[in-house]
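> Fold the stuff below for me.
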Amino acid sequence: MKAKLFILSALIIFLVSYSGAQVADSTLSLENLVQEMLANNPELQSYYHRWQSSASRISPAGSLPDPVIGIGVMNLPVDNFSFNQEPMTGKQISLMQQFPFPGKRGTRQKIAEKESERNRLNYLERQNQFIKDLKYTYFDLFYVDKALQTNQINQALLKQTLQVVETRYRVGQGLQQDVIRTQLELSRLVDSQLKWEQERISIQSRINFLLNREVNSPLGETHSLTLIDFKINEEELDSLAINHNPTLLAWDTFLRQGELQTRLAKKEYLPDFGLEIAYTQREILENGTGGVDFLSGMMNISVPLYFWRKQKNEVEESRLNEVAIQERYRGELEMIRQQIAKTYSDVEKSKDRVQLYAKNIVPQARQSLQSALSAYQVDKLEFINVIDNQIGVIEYELEYYRLLSNYYKNLAELEFLVGTNLIE
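Got it, this is the predicted structure:
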């Protein structure tokens with residue numbers, strides 16, 4: 001009878017300890033991990049500097065072509081190369097500046113602005129991808145931490161129980177099958193512990209890689225998670241994606257850039273202008289005459305003479321490219337809408353299953369264990385049934401945490417698809 005009371009007390013201690021373990025203080029903040037990753041991940045920094053590099057090309061795209069300075073001589077006689085023999089001989093310096101037709105420079109600058117905006121959105125898209133990857137890994141770590149915590153508590157309980165059943169068996173009050181079953185369950189938990197520890201090392205290395213830390217840098221335990229009520233409907237998610245998804249915004253920007261390139265190609269039918277001014281310095285001739293300097297000016301206009309071979313084809317190329325971008329944008333939008341619909345359905349199903357386990361399955365499993373304990377205390381149930389019920393509680397608890405982890409991973413997927421935070 002004392003042995004039964006000891007086992008009963010141990011199981012009650014287990015239930016209390018297990019319940020308390022669910023609210024233990026945590027140290028690993030997901031928000032802090034995200035901020036550290038954004039600051040230190042080298043690939044993200046590469047995308048960031050590519051964006052900054054493209055921003056520096058905006059101003060040059062709208063600038064005038066560089067002026068051309070010319071230095072030369074005019075009408076120099078080749079018999080003696082003398083500058084004071086012929087009246088038209090002189091030394092000349094000139095300055096020439098090309099002026100694109102009005103509107104061309106502004107359009108080129110707008111194209112460069114759109115290119116920079118695309119690079120910014122590509123950076124944000126890659127940033128969102130890395131945030132999703134980090135959240136996925138964090139929620140995997142949460143589940144592993146809960147599995148390890150549960151396993152350790154269960155091992156401690158079974159070790160105490162094994163001592164009792166072995167003692168009862170030695171004095172002839174217990175069954176050998178109780179000893180063997182308890183030993184088997186303890187060995188199974190030790191094996192599971194090793195697997196979970198290895199899994200945690202693997203997850204830890206993935207997080208450290210994203211954070212650009214040393215691969216073996218230790219990580220604390222994750223924060224405890226609870227089910228949150230997600231109330232945004234599918235139509236609202238579609239609207240958020242159109243306004244915030246970096247991939248869609250990048251393709252929309254690419255489309256605007258294509259329209260500007262078509263406009264610029266049409267402007268190439270129009271001529272560019274050039275102005276040139278020259279100053280010629282003349283020497284006084286041998287006969288004492290001349291020596292007056294000259295000032296010259298010139299204007300030139302480019303003639304798009306071969307427009308049917310050049311400008312026409314450039315306009316057609318830009319137009320077809322614009323159509324291709326439009327089709328690609330529509331395809332990306334439809335694909336993202338389908339992904340949102342699927343992920344939204346997964347979120348709803350995950351929420352229902354988490355609630356089912358939290359409100360029904362886990363409490364019922366605990367009640368079943370309490371009932372088994374009471375029956376065992378009055379010799380109405382074999383010890384093996386108590387062990388089975390206790391193992392069932394642990395398995396249901398682990399499944400609850402797995403479902404909760406998947407629920408948060410589905411929410412992270414939705415955040416990635418819409419391009420903005422949906423939960424705190």
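
> show me the contacts for residue 47.
Counting by C-beta atoms under 8 Å, 6 or more residues apart in numbering, residue 47 touches 119, 122-123, 126-127. Bear in mind the C-beta positions are built from the backbone N, C-alpha and C, glycine included.

> Now do the contacts for residue 215.
Here residue 215 is in contact with 205, 208-209 (C-beta under 8 Å, 6+ apart).

> Can you classify it as helix, strand or coil?
coil (DSSP: H, G, I helix; E, B strand; the rest coil).

> re the thing from before, turn the contacts of residue 47 into a markdown table, including secondary structure.
Shown next, in a markdown table, are these (three-state DSSP):
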| residue | secondary structure |
| --- | --- |
| 119 | helix |
| 122 | helix |
| 123 | helix |
| 126 | helix |
| 127 | helix |
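
> between those, which is nearest residue 331?
residue 122 (17.9 Å; C-beta to C-beta).

> Please report phi then psi for the closest residue to residue 407 other than its chain neighbours.
Distances taken as C-beta to C-beta, 6 or more residues apart in numbering place residue 350 nearest to residue 407, at 4.0 Å, with adjacent residues excluded. Phi and psi for residue 350, reported as degrees, to the nearest 10, are phi -60, psi -40.

> swap in residue 70?
Dihedral angles for residue 70 - degrees, to the nearest 10 - are phi -120, psi 140.

> quick one, what contacts it?
Applying C-beta under 8 Å, 6+ apart, the residues contacting residue 70 are 92-96, 278.

> what about it, distance to residue 93?
7 Å (C-beta to C-beta, to the nearest Å).

> So what touches stretch 187-194?
147-148, 151-152, 154-155, 158.

> ok, now stretch 240-258?
111, 114-115, 117-118, 121-122, 124-125, 128, 232, 318, 321-322, 325-326, 328-329, 332-333, 336-337, 340, 417-420.

> tell me how far it is from the chain's mean position?
Between the centre of stretch 240-258 and the centre of its chain there are 16 Å (C-alpha atoms, centre = their mean, to the nearest Å).

> Buried subset of the contacts of stretch 240-258 as a ChimeraX selection?
Listed next is the ChimeraX selection for buried residues among those, using 16 or more other C-beta atoms under 10 Å:
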select :111,114,115,117,118,121,122,124,125,128,318,321,322,325,326,329,332,333,336,337,340,417,418,419
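
> Show me the contacts of stretch 240-258 that map onto helices.
111, 114-115, 117-118, 121-122, 124-125, 128, 318, 321-322, 325-326, 328-329, 332-333, 336-337, 340, 417-418 (DSSP state H).

> Quick check: the farthest pair among the contacts of residue 70?
92 and 96 (12.3 Å).

> Now restrict the contacts of residue 215 to buried residues only.
If we count by 16+ other C-beta under 10 Å, the contacts of residue 215 have these buried: 205, 208.

> just curious, which of the contacts of residue 215 is nearest to residue 386?
Nearest to residue 386 among these, with distances taken as C-beta to C-beta, is residue 205, at 39.7 Å.

> ok, that closest one touching residue 218?
No. Using C-beta atoms under 8 Å, residue 205 makes no contact with residue 218, being 11.4 Å away.

> For the residue nearest to residue 407, give me the pLDDT.
For residue 350, the pLDDT comes out at 92.

> Then the one 4 residues further on?
In this prediction, residue 354 carries a pLDDT score of 93.

> so it is in which element?
Using DSSP states H and E, residue 354 sits in helix 311-356.

> Ok, residue 157 next?
helix 104-170.

> Which neighbouring elements make contact with that helix?
Other elements packing on helix 104-170 under the criterion 3 or more C-beta pairs under 8 Å, 6 or more residues apart in numbering; DSSP states H and E are helix 2-21, helix 30-40, helix 42-55, helix 58-61, helix 176-211, helix 246-267, helix 383-418.

> Could you export the helix or strand just after the fifth one as CSV, CA atoms only?
Tracing the chain past helix 176-211, the next element assigned as helix or strand by DSSP H and E is helix 234-244. Taking only C-alpha atoms (Å, rounded to 0.1, in the frame of the first residue of the first chain), the coordinates of helix 234-244 have been written out as CSV:
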residue,chain,number,x,y,z
GLU,A,234,-9.2,36.4,-46.8
GLU,A,235,-10.4,39.5,-48.7
GLU,A,236,-8.5,41.8,-46.4
LEU,A,237,-5.4,39.7,-46.8
ASP,A,238,-5.6,40.0,-50.6
SER,A,239,-5.9,43.8,-50.2
LEU,A,240,-2.9,43.9,-47.9
ALA,A,241,-0.9,41.9,-50.3
ILE,A,242,-1.6,44.3,-53.2
ASN,A,243,-0.5,47.2,-51.1
HIS,A,244,2.4,45.7,-49.2
